[in-house]
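[1] this one's sequence-less:
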């Protein structure tokens, strides 16, 4: 099953100024998107200008160069209108400083810049300057009423026409710390009271103190502005027994009224807003989550190193820098109603941002067209005293992240996501997996005692004795009740539950503080894997890494047939280890090494056969290959195996299908000598997508690539010839699939009476008209 989050790709990159005249310039790059100006994003670059980028073709269609002495107070907004002589792009930008702007008018001066767009060519830019009565932090283009909304960081809201003539102003005082403001079309806001005539725009204004989050909800209809709700609530959440910091560092809000925030202690809470005039209700959704693996660099400032984006209902996208040395930006899709991670994606921080990691990176997420999100990464706290030569080292980067446009919050989608989610949450110290009076608790204590005294054989005896006693006491029918249970509900009749299996595997896991090797029981591990009760998320870190540290390659190979959630990182990391092992010089077989303990390892061919046959996600597999196999020299042995497996694959596939038709039985393709042909081709394509440039730069791989091409070209020609048979053979293929399915599922045999009725219907249909293969003669 493919991931709901696709692999991101870069839109553009912009230089970041290192010399700033004003400290109140927070972001070197802003990005905005107008749904009525589809496929176009507006990028505001400090000391450079404003660019309108076509996201479908990834190039700039409108550009306003403002000079190195111009800075902006916030993101610019663009709209596109049609006039007699073509399309006009109008951009509104709030100026923080410029040579022609007086000091008293800073943050109150708005530039209106118009440029003609016709046939892809850009016309001459026109610029006008307007000074508004109050400071402006955000600009929103209301295309329903053609008005422009100006919002200040202190809560002032103004409605203007398209020439910025003030129509009305409302003061909604917020003297506290401004966080963010959200604009929604009135028809999409389901948390408001039902109205025959919904407002044009709804504004949710958010500010905070050290321990409180303050909300103001404003509706705009025409030039009328009304405060429809206010509320405030505490942001003090955390784990008992530790002091928490309450300031908000990330915030999201959706048109359906789901608001969530993360505070400095990385505690995440979601609420459902409701407007019941004159009061505003706030109801918590799901449980409070305590996040782990997040970077602590500059975590105290809003938007630095972490960002949230609501995707509707209770789905929230989280982008954050991880605390690992790999310096990745992780993008996680959460369902706050159930508190689970539905999907994830990792983005390697580009080299242009690598020097800024220690200084901090500002992250922002922005919804674009259906199925797309814009991610912006830009340096934070760039030194104002840095030499001019270092300016090229710091750049902002804008990405497009593809998303599944049909995402929904369902309990079916949340089932089975607990192991993935546990990696991103701090363990609950109060959580208990097995009660003390459970007989399995005594077994765990006994096995731990035997392992501590370096007696793994006695631990094996205790475990299998307990299994035998349980089976004899419960009867033969229940001795095979072996299934993975969720942590929140363990069936008492089941032999194994999720928590129990996790505790068992934890007995063998190496301790981080210990330098020695922990005692291990391969018999118990293989027994659990064979009975399909092991999940990869049960082991802290990685399942394959833990098994490889114990030298238990037999369990690793067995897991490919029994464990359903093996990660791509797990598989490719061990492939790298086997490639490195095959490169090592072979020792003299006649030499004796009494201290060496033989550990069986599979051949690279056997291991890659299991990897290729295992279901994977293309995006995650590409990332794993780039991460663990960056050297083209390591890819050569794997490519040689794939080259051998693709030879004659289509002909063999046809022979297998003919045998299946003759016997009316589904036959496994290619047996066990090679992976299925379709999976081999898919794996080869993913590997080449991830490493083709590296292979081209490595001359010894050229001959192998040519061999692969020579083997694939005949297969492509054969597929093209077979395509002509699709129309004629497709009805027979469907009938064959139906017969095989009925035979496999044990479909009841058709009775004589049912056969007569079906035969009669067919004869009636034939008599009504000309069939597909009947010839009629017409004489005039």
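    Done, it's in. The structure displayed is predicted, hence computed values, not measured ones.
[2] ok, residue 625 touching residue 688?
    No. Taking contacts as C-beta atoms under 8 Å, residue 625 lies outside contact range of residue 688: 9.8 Å. C-betas here are computed from N, CA, C, even on glycine.
[3] between these two, point out the one with more neighbours.
    Between residue 625 and residue 688, counted using other C-beta atoms under 10 Å, the more crowded position is residue 625 (24 against 16).
[4] now the strands for the stretch 151-300 of the chain?
    In the stretch 151-300 of the chain, the strands defined using DSSP state E, counting those that start in this stretch lie at 156-160, 166-171, 177-185, 201-208, 212-221, 224-234, 248-253, 258-263, 267-276, 279-290.
[5] can you give me the angle the fifth one makes with strand 201-208?
    Put plainly, it is strand 212-221. Angle of strand 212-221 versus strand 201-208, following axes from the mean of the first three to the mean of the last three C-alpha atoms, to 10 degrees, is 160 degrees.
[6] picking up where we left off before, out of the strands of the stretch 151-300 of the chain, nearest to residue 194?
    With C-beta to C-beta, the closest approach to residue 194 among the strands of the stretch 151-300 of the chain belongs to strand 267-276: 10.6 Å.
[7] so what does the closest one touch, helix or strand wise?
    Applying 3 or more C-beta pairs under 8 Å, 6 or more residues apart in numbering; DSSP states H and E, we find strand 267-276 packed against strand 212-221, strand 224-234, strand 258-263, strand 279-290.
[8] one more pass at 6 Å, please.
    Using 3 or more C-beta pairs under 6 Å, 6 or more residues apart in numbering; DSSP states H and E as the contact test, the elements touching strand 267-276 are strand 258-263, strand 279-290.
[9] and that strand, which residues are buried?
    Buried residues in strand 267-276, counted by 16 or more other C-beta atoms under 10 Å: 267-275.
[10] again, but for stretch 314-330
    Using 16+ other C-beta under 10 Å as the test for burial, stretch 314-330 gives 314-322, 328-330.
[11] need the max-distance pair from these.
    Going by C-beta to C-beta, the pair spanning the buried residues of stretch 314-330 furthest: 314 and 328, at 25.7 Å.
[12] now the buried residues of strand 267-276 as TSV including pLDDT?
    Converted to TSV, those look like this (pLDDT from 0 to 100):
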residue	pLDDT
267	87
268	90
269	90
270	90
271	89
272	89
273	88
274	85
275	82
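[13] now for the residues you listed, which pair is the farthest apart?
    Within the buried residues of strand 267-276, 267 and 275 form the most distant pair, 26.4 Å apart (C-beta to C-beta).
[14] now the residue nearest the centre of the chain, what's its secondary structure?
    Centrality entry for the chain: nearest residue to the mean C-alpha point is residue 344, 3.0 Å, by C-alpha atoms, centre = their mean. Applying DSSP: H, G, I helix; E, B strand; the rest coil to residue 344 yields a three-state assignment of strand.
[15] so where's the stretch 651-780 of the chain uncertain?
    651-654, 657-658, 660-672, 744-750, 765-780 (pLDDT under 70).
[16] all helices of it, in order?
    With helices called from DSSP state H, counting those that start in this stretch, the stretch 651-780 of the chain shows them at 677-696, 702-722, 726-745, 752-768.
[17] which strands or helices does the longest one pack on?
    Counting contacts by 3+ C-beta pairs under 6 Å, 6+ apart, the secondary-structure elements packed against helix 702-722 are helix 632-646.
[18] and the helix it packs on, how far out from the chain middle?
    Its chain's C-alpha centre and that of helix 632-646 lie 29 Å apart, by C-alpha atoms, centre = their mean, to the nearest Å.
[19] what does stretch 402-422 give?
    What separates the centre of stretch 402-422 from the centre of its chain is 10 Å, taken as C-alpha atoms, centre = their mean.
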